[in-house]
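Peer 1: Sequence first, predicted coordinates after that:
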Amino acid sequence: MNTRSDLSPTGNAAGDIRNQDWYVDKFFQSAMFVCGISAIVFVIGIFIFVFKEGAGFIIQQMDWAEFFLSPKWRPTSATQATYGTLAMVAGTAAVTVISMAIALPFSFGAAIYIAEFAQGRTREWLKVIIEMLAAIPSVVWGFIGLMIMNPLIIESFDVPIGLNVLNAGIILGLMAAPIITSIAEDAFKAVPDTYREAAEALGATKWQVVYKVILPAAKNGLLSAALLGVGRAFGETMAVLMASGHALTIPGSVFDSIRALTATIAAELGETPVGSDHYQALFAIGIFLFTITFIINMTADFIVRGIKNQ
Amino acid sequence: MNSVSGTHSVRFQAEPINLKNAQVQKLVKIVLGLMAVTLVIPVALIILTLLQKGSPAISWQFLTTFPSNGMTAGGIFPALLGTVWLVAISLLASVPLGVAAAIYLSEYAPQDHWLTRVINLATINLAGVPSIVHALFGLGAFVAFFRLGTSILAASLTLAVMTLPVVIVASWESLQSVPQAFREACWNMGATRWQTIWHVVLPNALTGILTGIILQVSRAAGETAPIMFTGAAFFLPFLPSGIMDQTMALALHLFTISTQVPGVPEEIPFGVALVLFGIVLVVNAFSIWLRMYLRSKKKW
């Protein structure tokens, strides 16, 4: 006991270190803990509050088969309102697929170049500029889709309207590219240098090292980068609303206008009376979006953890 | 090559297979480089187009007057001011909370504990929630449940929740980069955990945390969806008098005049886009500069 009191900062009573500093320390430890779990509180809060507003509709009115399988979204029809999201799901899916077809090859290519080939200043500048691409606000992207891409697509492909799957896909691809690039680059960096050295010692060229050693070793990280890119494109709101044409159809080609799930909420929520079926149906779409992105994020994290545990 | 062909030293000669590999290597490097450049070109094109089409609209008057003629003429002053309000109040909420959360994760949380893992997962998920779902949350929680109404406060809090993960992750990285030896030295002097954090860890991590906060400013300024239904208005003929009033905002204003209002001369929305992108770009560039400066000054 004596030794313990010698070690304590002030040692007022034998073994008792509970002076003012001790209480301050304990207070802040608790305060930091409360703030620390705030992220959990907010994720649960988002689910509860969005669910609460939409619950009445989901439990009583909603016809699950209609909600997921009918393409007819007619919430304002006075006689027979229908709430089918199939056309929007198809629209969102089409735009996401096109955006990934554009973003994935370029992002992975850029990530390989930055991580394995570029050096010094070139690498720094590339990283900075790609970061700038990530900084452009989504409403500015939407504006670019509306004012620049729209006439460009009409002119180059000779189609009547340029606000379509292709336009929104390109915009979303460019928006998702910086995130995919940066996560893919991290995945390449996580491959130990000993792998590279061993392959180079066997006489492999840089490209052979990348192709035969680094890509297989980083494949989980790349998969997770792709998933997060999908999540980003899927959840984007303003850019899709402005660039996709906002027409409720199941797209047959990239030149068809579509309407996304997110865009529907953004466009209609302001005009619906609080608490109406329509209002609650929009919250039901919100829960659907939240669930999908939740699954995407968890899967991406699970895949990344898979690498770390190996 | 011919002169040595008679001896046994031919093994260092460039064989056709090696030449081919070297050519493939060169080609691949060029192709990958071009792919990286393809991501750079849009940034340049967007900046140039916005500058070319938007700069005729920009003037002192544009920045300091109200929109007029049903938003088809005049300036953007209330929107500009509203964005400043929204960003400032969202910072007041998210910075203390986010930094404290990062302190818990970095300094207190036990490694490999299930709770730490759940917090990390929650942070990742919060960052991945679509912005329109944040808007629904803001509407359900702040506007309706906490009875804040559609107000600057409700919109700012919604923005704060949305940008919280950025602050947490940036602050956490910055706290983690402070060497463990600093903490150990301080504990050995008899300091408590909190004294160590307050006097040693935080001062050394402060500038890094600042970089994260600046980055958050630029994200918050550009967001539209979360504020649309929680406190930002399409048009208001007066300035907000307090945080319980609605306000205009730059990002929503750009959306409104480019999609909802017919007959707006082209240079006005381009001018608004230029101002919005300009603010974001300057703030980002400052953050990047600060990060590079810090890296060069780093003593450990």
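Peer 2: Structure received.

Peer 1: Do any residues in stretch B:229-237 lie close to chain A?
Peer 2: Yes: using C-beta under 8 Å from any C-beta of the partner chain, stretch B:229-237 comes into contact with chain A via residue B:229. Yep, even glycine has a C-beta here, placed from its N, CA and C like the rest.

Peer 1: CA atoms only for stretch B:117-133 - export them in PDB, please.
Peer 2: Listed next in PDB are the C-alpha coordinates belonging to stretch B:117-133 (Å, rounded to 0.1, in the frame of the first residue of the first chain):
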ATOM      1  CA  ARG B 117     -16.000  -2.200 -33.900                       C
ATOM      2  CA  VAL B 118     -19.700  -1.200 -33.900                       C
ATOM      3  CA  ILE B 119     -18.800   2.500 -33.600                       C
ATOM      4  CA  ASN B 120     -16.500   2.200 -36.700                       C
ATOM      5  CA  LEU B 121     -19.200   0.400 -38.600                       C
ATOM      6  CA  ALA B 122     -21.700   3.100 -37.700                       C
ATOM      7  CA  THR B 123     -19.400   5.800 -38.800                       C
ATOM      8  CA  ILE B 124     -18.900   4.100 -42.200                       C
ATOM      9  CA  ASN B 125     -22.600   3.700 -42.600                       C
ATOM     10  CA  LEU B 126     -23.400   7.200 -41.600                       C
ATOM     11  CA  ALA B 127     -21.000   8.400 -44.300                       C
ATOM     12  CA  GLY B 128     -22.800   6.100 -46.800                       C
ATOM     13  CA  VAL B 129     -26.400   7.100 -46.100                       C
ATOM     14  CA  PRO B 130     -27.800   8.800 -49.200                       C
ATOM     15  CA  SER B 131     -28.200  12.600 -48.700                       C
ATOM     16  CA  ILE B 132     -31.900  12.400 -49.400                       C
ATOM     17  CA  VAL B 133     -32.300  10.000 -46.500                       C
END
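
Peer 1: What are the buried residues along that stretch?
Peer 2: Buried residues in stretch B:117-133, defined by neighbour count with 16 or more other C-beta atoms under 10 Å in any protein chain shown: B:119-133.

Peer 1: and of those residues, the nearest to chain A?
Peer 2: Using C-beta to the nearest C-beta, residue B:130 is the member of the buried residues of stretch B:117-133 that lies nearest chain A, at 2.9 Å.

Peer 1: For residue B:223, see how far away that closest one is.
Peer 2: Look at residue B:130 and residue B:223: by C-beta to C-beta, to the nearest Å, they are 12 Å apart.

Peer 1: Contacting chain A as well, which ones from the buried residues of stretch B:117-133?
Peer 2: B:119, B:121-126, B:128-133.

Peer 1: pLDDT, distance to residue B:52 and secondary structure added to those, as CSV?
Peer 2: As requested, these are exported to CSV (pLDDT from 0 to 100; distance: C-beta to C-beta, whole Å; DSSP: H, G, I helix; E, B strand; the rest coil):
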residue, pLDDT, distance to residue B:52, secondary structure
B:119, 94, 47, helix
B:121, 92, 45, helix
B:122, 94, 44, helix
B:123, 93, 41, helix
B:124, 90, 40, helix
B:125, 92, 41, helix
B:126, 93, 38, helix
B:128, 90, 36, helix
B:129, 93, 36, coil
B:130, 94, 33, coil
B:131, 93, 29, helix
B:132, 94, 32, helix
B:133, 95, 36, helix
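
Peer 1: Can you tell me the SS state at residue B:150?
Peer 2: Here residue B:150 is coil, with the state taken from DSSP: H, G, I helix; E, B strand; the rest coil.

Peer 1: Test my guess that it contacts residue B:247.
Peer 2: No: using C-beta atoms under 8 Å, residue B:150 is not in contact with residue B:247, being 9.9 Å away.

Peer 1: Between the two, which contacts overlap?
Peer 2: The overlap between the contact sets of residue B:150 and residue B:247 (C-beta atoms under 8 Å, 6 or more residues apart in numbering or on different chains) consists of B:231, B:233.

Peer 1: neighbour-wise, which of these two wins?
Peer 2: residue B:247 (26 against 22; other C-beta atoms under 10 Å in any protein chain shown).

Peer 1: how many other residues sit next to residue B:26?
Peer 2: Count around residue B:26 with other C-beta under 10 Å applied: 12.

Peer 1: need the contact list for it.
Peer 2: Counting by C-beta under 8 Å, 6+ apart, residue B:26 makes contact with nothing.

Peer 1: pLDDT below threshold where in the chain?
Peer 2: Just so you know, I chose chain A. Counting by pLDDT under 70, the ranges of chain A that qualify are A:1-17, A:306-310.

Peer 1: oops, chain B please
Peer 2: B:1-15, B:299-300.

Peer 1: What is the longest helix of it by residue count?
Peer 2: helix B:16-54 (DSSP state H).

Peer 1: Give me the buried positions along that helix.
Peer 2: Per 16+ other C-beta under 10 Å, helix B:16-54 contains these buried residues: B:21, B:25, B:28-29, B:32-33, B:35-36, B:38-40, B:42-43, B:46-47, B:49-50, B:53-54.
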